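> here is my input, please return the structure:
(one chain, ligands or ions: 2)
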Amino acid sequence: MQGRIIKIISNQYTIEYENQFVVAWPRGKMRKGQAPVVGDWVEFSAVHDRYVIEKIIPRTNRLLRPAIANVDQALIVTSMKDPDYSCHLLNRLIFLVSLSHVEPIICITKSDLVDMTKYQTEMAWYEKAGYTLIYTYPGSDDMDLKRILKDKISVLCGQSGAGKSSLLNRLDPSFSLQTQEISKALGRGKHTTRFCQLHSVANGWVADTPGFSSLDFSRIDVSHLDTLIKDFQPYVGQCRFSDCRHEKEPGCAIKEALEHGLINPSVYEDYIQIKREEKQYGK
Ligand SMILES: Nc1nc2c(ncn2[C@@H]2O[C@H](COP(=O)(O)OP(=O)(O)OP(=O)(O)O)[C@@H](O)[C@H]2O)c(=O)[nH]1
Ligand SMILES: [Zn+2]
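Ligands and ions are numbered 1, 2, ... in the order given. Got it, this is the predicted structure:
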């Protein structure tokens with residue numbers, strides 16, 4: 001049998017299997033280092049009176065904090081006000097998510113608190129580059145969001161106060177209840193740091209622990225970041241030098257596109273900043 005792990009408590013793994021939930025234990029040999037995480041597809045079998053996890057199906061990706069595998073997308077919850085919009089924060093989150101091989105979805109909140117016409121050009125950059133942008137606010141029907149979440153594993157990220165819990169509670173009023181119950185059962189601190197669970201929201205799975213909370217790139221390999229930035233993708237590989245850093249080199253296709261107004265200037269700026277940091281760390 002094949003199913004997906006949606007919850008782990010101690011050594012008990014809850015697996016969703018054909019719309020039912022079964023609790024399974026891993027085979028002894030799996031326990032050290034090779035343990036399954038939430039999001040894993042696993043093969044399991046019935047041995048005597050219990051279910052045993054035999055094998056983890058190869059993962060498409062794996063986040064460390066929270067520990068979760070096969071994440072399809074990260075909803076970058078981006079508030080327009082309180083906390084105020086910052087393109088640099090948004091860009092850095094897009095980079096981090098992309099470097100984990102997860103699709104970034106830009107989710108704009110609190111657009112009701114500002115005059116969005118002032119941000120039209122800004123938002124158009126992201127759309128033009130090929131990023132998915134969704135606007136969500138109290139009272140919206142969230143049809144786009146529901147469509148995006150369906151059949152996917154999603155992780156939310158974004159600043160404190162950006163509206164992550166509000167958004168989830170609006171999509172599924174039982175969400176806060178579910179998470180509160182778990183917090184109570186496990187003790188508050190423990191839940192946020194050690195446990196992660198997938199909740200069924202809008203016919204998809206959403207992690208109850210936010211991801212990408214550290215904006216620290218110092219231990220991340222950013223050597224292929226240029227290939228992961230959607231603004232750059234049409235031009236990557238067209239520079240004169242194959243190892244072009246897109247900074248001062250002659251014949252750089254990225255700089256040329258930037259000068260022709262084809263690349264979001266703030267994305268370029270943040271990319272260069274990260275490459276400079278990479279040099280500083282001596283990577
Ligand atoms: N006007 C308006 N207020 C919002 C919107 N989204 C969230 N808020 C408010 O913003 C505040 C913070 O929202 P939360 O959902 O708690 O933010 P969070 O991202 O979960 O914050 P943390 O739990 O600290 O990570 C709350 O008072 C919400 O009611 C929105 O789209 N419009
Ligand atoms: Zn270049």
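> so which residues on this structure come close to ligand 1?
Within reach of ligand 1 by Cβ under 6 Å from any ligand atom, the chain has these residues: 77, 109-110, 112-113, 137-138, 158, 160-166. C-beta: built from backbone N, CA, C; applies to glycine.
> what about the residues you listed, which are in strands?
Mapping these onto strands (DSSP state E) picks out 77, 109.
> what's the most distant pair in the residues of the chain next to ligand 1?
Farthest pair in the residues of the chain next to ligand 1 (Cβ to Cβ) is 112 and 160. Separation: 19.6 Å.
> more neighbours: which of these two?
In terms of neighbours (other Cβ atoms under 10 Å), residue 112 is the more surrounded of residue 112 and residue 160; the figures are 13 against 9.
> which stretches of the stretch 1-150 of the chain have low pLDDT?
Scanning the stretch 1-150 of the chain for pLDDT under 70 picks out the ranges 31-33.
> need the longest helix for the chain.
Looking across the chain with DSSP state H, the single longest helix is helix 265-280.
> quickly check: that one near ligand 2 or not.
No: if you take Cβ under 5 Å from the ion as the test, helix 265-280 misses ligand 2, and the best it gets is 10.8 Å.
> ok, stretch 229-241 next?
Yes: Stretch 229-241 reaches ligand 2 (Cβ under 5 Å from the ion) through residue 239.
> that stretch: which residues count as buried?
229, 230, 231, 232, 235, 236, 239 (16 or more other Cβ atoms under 10 Å).
> centre of the chain versus it, how much separation?
24 Å (Cα atoms, centre = their mean, to the nearest Å).
> can you give the domain ranges for this protein?
Domains of the chain are assigned by automatic domain parsing as 2-58, 63-207, 225-280.
> now the last one: mean pLDDT?
The one in question is domain 225-280. The average pLDDT within domain 225-280 is 96.
> reduced to three states, what does the nearest residue to residue 281 once chain neighbours are set aside come out as?
Once flanking residues are discounted, residue 281 sits nearest to residue 218: 5.2 Å by Cβ to Cβ, 6 or more residues apart in numbering. With DSSP: H, G, I helix; E, B strand; the rest coil as the basis, residue 218 sits in coil.
> next: the one 3 residues further on.
In three-state terms, and counting by three-state DSSP, residue 221 is coil.
> what about burial for the residues of the chain next to ligand 1, which qualify?
Buried among these by 16+ other Cβ under 10 Å: 77, 109, 110, 137, 158, 162, 163, 164, 165, 166.
> where's the third one relative to residue 104, distance?
I take that to be residue 110. Here the criterion is Cβ to Cβ, to the nearest Å. By it, residue 110 lies 19 Å from residue 104.
> the residue nearest to residue 281 - how many residues pack around it?
11.
> could you do residue 18 as well?
8.
> who touches it in this structure?
residue 3 (Cβ atoms under 8 Å, 6 or more residues apart in numbering).
> likewise residue 230?
Contacts of residue 230 by Cβ under 8 Å, 6+ apart are 129, 130, 131.
> what about it, which SS state?
Classified using three-state DSSP, residue 230 is coil.
> from the residues of the chain next to ligand 1, which land in helices?
164, 165, 166.
> could I get those residues as TSV with pLDDT and distance to ligand 2?
Listed next are those as TSV, based on pLDDT from 0 to 100; distance: Cβ to the ion, whole Å:
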residue	pLDDT	distance to ligand 2
164	92	36
165	88	41
166	89	41
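> for residue 231, see how far away residue 248 is.
Distance from residue 248 to residue 231, by Cβ to Cβ: 19 Å.
> name the residue closest to the centre of the chain, please.
For the chain, the residue nearest the mean C-alpha position is residue 74 (2.5 Å; Cα atoms, centre = their mean).
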